[in-house]
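# turn this into a model:
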Amino acid sequence: MRLSILVPVYNERTLVERSLEAVINAPLPEEMDREIVVVDDCSTDGTSAILDGLARRWPQMRLHRHAVNQGKGAAVRTAIQKATGDFCLIQDADLEYDPADYPQLMRPLLDGRADAVFGSRYLAGEQKRVLPFWHSRINSTLTWFSNMFCNLDLTDMETCYKAFRTDLLKSIPIRSNRFGIEPEITMKCAKRKLRIYEVPISYHGRTYEEGKKIGWKDGVKALGCILYFWLVDDLYVEPWGKAYLNNLNGTPAYVQWITSLVRPYLGDRVLEIGAGIGTVSGRLMGRRLEYVAGESDELYLHTLRNRFLRTPHVQVRHLDPGNPKDYEGLTGFDTVFCLNVIEYARDPGSVIRSAAAALKPGGRLLVLAPLGPGLVGTLDEAMGHRVRFTSRGIREMMESAGLGIEKVHQLNKAAKPVWYLHSKLMSREKISKPMLKLFDKTVWLWRRLDAVLPGEGLSAVFVGRKPGG
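Now for the predicted structure:
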């Protein structure tokens with residue numbers, strides 16, 4: 001295994017060599033090596049020449065430079081992009097934090113208990129320099145304010161020492177260029193429900209006379225960052241897919257509408273294909289003897305395993321909907337369902353056949369899919385939809401898989417003109433969060449209109465039953 005130590009540097013000529021020597025010589029867990037990803041944020045005091053010499057001396061060190069000074073957040077963002085290790089740890093270049101603490105920071109990650117580990121200066125560490133009262137109070141106030149909006153119970157949100165699994169860290173977009181990176185990354189970890197651990201660390205803080213750079217203005221900006229990233233769900237590097245699923249967490253009435261249609265058909269043994277981040281699974285897995293949440297995306301799988309870590313009747317497994325081999329061993333289910341899955345598949349018919357084969361005689365397959373080939377536009381393209389279906393097309397695919405159509409539930413008839421307007425005429429590429437919120441608050445109306453409006457909906461749930469049983 002490899003640890004990527006991310007070191008942003010700006011104008012630290014008196015300390016940078018000693019600091020990086022401590023990083024090079026720091027103890028690591030057994031069978032772990034290190035790479036040191038240093039980003040020189042356009043230093044102007046001679047630091048750059050020192051870093052050049054260190055990079056030639058130490059093969060573990062990889063040096064990158066910014067042509068213009070951008071701030072700590074920007075330097076860390078660059079370092080994350082360049083990291084190649086299994087884990088990442090952020091390290092300042094000023095000797096305030098002690099690299100001897102690396103083993104305890106890494107332990108919760110290596111044990112599989114944590115996704116992120118924060119080193120706290122306010123837990124009982126081995127050593128801590130006593131600093132001015134108001135500096136500590138400002139830090140504790142920012143942590144308290146962050147905790148209130150994040151719904152966490154951290155003791156030190158502003159700590160530099162934050163360690164992550166690299167794949168998770170690379171999936172989090174970092175927008176802050178300066179010290180706002182600390183509240184930003186904390187808020188995003190909380191919103192994504194990562195398992196966060198705190199461990200005590202030693203702290204040897206500097207005074208402003210000794211070169212400390214963060215000031216009271218950064219504290220005010222941190223308050224703004226907390227509020228901004230509380231309001232804005234900018235949680236994934238990809239603009240759609242994962243971000244879209246997270247938005248569904250903010251539309252509980254719509255999700256409840258879908259689950260109310262699916263729930264009556266569920267048996268004791270259930271397979272969900274394309275479980276995503278568990279938005280639907282969490283509402284439907286109760287009272288089942290066995291619930292298998294299948295997903296192909298590694299980040300989704302990690303989220304699902306965290307979510308159902310202590311739910312023994314829920315099994316999370318890798319399942320590519322379009323790969324028949326992934327269904328091996330999945331048989332005898334009372335219910336199989338896939339919600340908004342087949343429109344992404346290269347061969348939707350193959351997905352339905354594989355799902356039907358996993359059913360026991362008399363079992364049911366439920367498919368939620370978008371309807372209306374004439375509605376295909378920029379929204380579908382941005383979301384990665386390969387196709388919008390006709391009701392007849394889905395019926396034929398399910399019947400060719402040996403299923404009899406038991407029921408079809410049409411959804412969102414009233415939304416078809418709105419979709420056409422945004423996707424075909426206005427060429428929009430995403431659904432805004434305010435519009436999703438407005439839609440969710442009026443779901444009670446759209447549900448009732450579906451019963452009286454003619455024609456097909458924007459999507460539909462098809463219920464097919466396997467003969468026998």
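
# now do the strands in the stretch 351-469 of the chain.
Using DSSP state E, counting those that start in this stretch, the strands of the stretch 351-469 of the chain run over 359-370, 404-411, 459-465.

# quick one, which of the ones you listed is nearest to Y420?
strand 359-370 (12.7 Å; C-beta to C-beta). C-beta: built from backbone N, CA, C; applies to glycine.

# now do the closest one: distance to the chain's middle.
29 Å (C-alpha atoms, centre = their mean, to the nearest Å).

# next: stretch 99-119.
Distance, stretch centre to chain centre, for stretch 99-119: 20 Å (C-alpha atoms, centre = their mean).

# repeat for stretch 266-284
Chain-centre distance of stretch 266-284: 19 Å, with C-alpha atoms, centre = their mean.

# where do the strands of the stretch 151-300 of the chain begin and end?
Remark: strands assigned in the stretch 151-300 of the chain by DSSP E, counting those that start in this stretch are 162-165, 196-200, 269-273, 290-295.

# quick one: contacts of the last one?
Contacts to strand 290-295, defined as C-beta atoms under 8 Å, 6 or more residues apart in numbering, come from residues 268-276, 278, 281, 284-285, 301, 304, 308, 313-319, 321, 326, 330, 333.

# narrow those residues to those that are buried.
Among the contacts of strand 290-295, those scoring as buried are 269-276, 278, 281, 284-285, 301, 304, 308, 313-314, 316-317, 319, 321, 326, 330, 333 (criterion: 16 or more other C-beta atoms under 10 Å).

# give me the subset of these that lies in helices.
Within the buried ones among the contacts of strand 290-295, residues falling in helices by DSSP state H are 281, 284, 301, 304.

# need the max-distance pair from these.
By the measure C-beta to C-beta, L284 and L301 form the most distant pair in those, at 18.3 Å.

# and the ones in helices among the buried ones among the contacts of strand 290-295, which is closest to G46?
Among these, L301 lies closest to G46 (C-beta to C-beta), at 47.5 Å.

# the closest one against H318, yeah?
Yes. L301 lies in contact with H318 (C-beta atoms under 8 Å); the separation is 6.3 Å.

# would you convert the ones in helices among the buried ones among the contacts of strand 290-295 into JSON lines that also reports pLDDT and distance to A345?
Shown next, in JSON lines, are those (pLDDT from 0 to 100; distance: C-beta to C-beta, whole Å):
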{"residue": "S281", "pLDDT": "91", "distance to A345": "20"}
{"residue": "L284", "pLDDT": "94", "distance to A345": "22"}
{"residue": "L301", "pLDDT": "89", "distance to A345": "18"}
{"residue": "L304", "pLDDT": "87", "distance to A345": "20"}
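
# out of the strands of the stretch 351-469 of the chain, which is closest to H66?
Closest of these to H66 is strand 359-370, at 44.2 Å (criterion: C-beta to C-beta).

# what lines up beside that closest one in the sheet?
strand 333-339 (parallel), strand 459-465 (antiparallel) (DSSP bridges).

# and the angle for that strand with strand 404-411?
Interaxial angle, strand 359-370 versus strand 404-411 (axes from the mean of the first three to the mean of the last three C-alpha atoms, to 10 degrees): 30 degrees.
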